[in-house]
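Chemist: Give me a model of this one.
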Amino acid sequence: EPVYLKNVLTWFSELLPMLVPYLYNNGGPVIGLQVENEYGSNPACDKVYLQSLTEHFRAALGDDILLYTVDGPGKGMLSCGTLPELYNTVDFGGGNISSHFDMQARFNSGGPPVNTEFYPGWLSHWGSKFPSKSRTATAKKTGRDASLRCQR
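Modeler: Model prediction:
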């Protein structure tokens, strides 16, 4: 959508230069910036859009900042949601954590497993029953899977 992209790039032209003093290489705390969020869930799968965003980030911020995306740990989501020059991270709330990180690794040329959004619960809609999971079960499973992952 050209009108949307034009407006996003206009906004980023104002926003991104404000972040430069806060980048790690400039003495600030920011070590990475997320280019897009769960774009792989969008059926458009528009790599030109992702490339435009990436080029805009690089032009404003330089090459010394980590740029990343986040998507669900499915092959289709990761295929559409990132580019080779971006580090991809995953989001999930359970399941087989090791397999989620294995899928993430297939789309990166190195680097650690990263979950940028871990959700042990789920969203709720106004007036509906609030979904919940056992904190103890979530902690046990997460700790077990994470320790298995670290032993590899």
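Chemist: For H56, what is the enclosing helix or strand?
Modeler: Using DSSP states H and E, H56 falls within helix 47-61.
Chemist: how much space between the residue most central in space within the chain and D91?
Modeler: Residue closest to the mean C-alpha point of the chain, counted by C-alpha atoms, centre = their mean, is V70 at 1.8 Å. From V70 over to D91 the distance is 5 Å, taken as C-beta to C-beta, to the nearest Å. Glycine gets a C-beta too; all of them are placed from N, C-alpha and C.
Chemist: now the helices for this protein?
Modeler: Secondary structure of the chain (DSSP state H): helices located at 2-19, 47-61, 75-81, 97-106, 135-150.
Chemist: which residues touch the third one?
Modeler: With contacts defined as C-beta atoms under 8 Å, 6 or more residues apart in numbering, helix 75-81 is touched by 36, 38-42, 45, 50, 69-72, 88, 90, 103-104, 106-107.
Chemist: For V70 and D91, list the residues in contact with both.
Modeler: E38, T116, E117.
Chemist: Tell me the spacing between S99 and F57.
Modeler: 30 Å.
Chemist: which of these two has more neighbours?
Modeler: Between S99 and F57, F57 has the larger neighbour count (other C-beta atoms under 10 Å), namely 19 against 12.
Chemist: wait, that one sits on L67?
Modeler: Yes: the pair F57 and L67 passes the contact test of C-beta atoms under 8 Å, sitting 5.5 Å apart.
Chemist: Which neighbours do these two have in common?
Modeler: Common neighbours of F57 and L67 (C-beta under 8 Å, 6+ apart) are L33, V35.
Chemist: Tell me, how many residues neighbour Q104?
Modeler: Neighbour tally, Q104, other C-beta under 10 Å: 24.
Chemist: where are the low-confidence patches of the protein?
Modeler: 121-122, 135, 141-152 (pLDDT under 70).
Chemist: what's the burial count for Q34?
Modeler: Q34 has 15 nearby residues by other C-beta under 10 Å.
Chemist: just N7 next, same as before
Modeler: Around N7 there are 11 residues (other C-beta under 10 Å).
Chemist: any idea how far P73 is from it?
Modeler: 31 Å.
Chemist: before we move on, what about N42?
Modeler: For N42 relative to P73 (C-beta to C-beta), the value is 16 Å.
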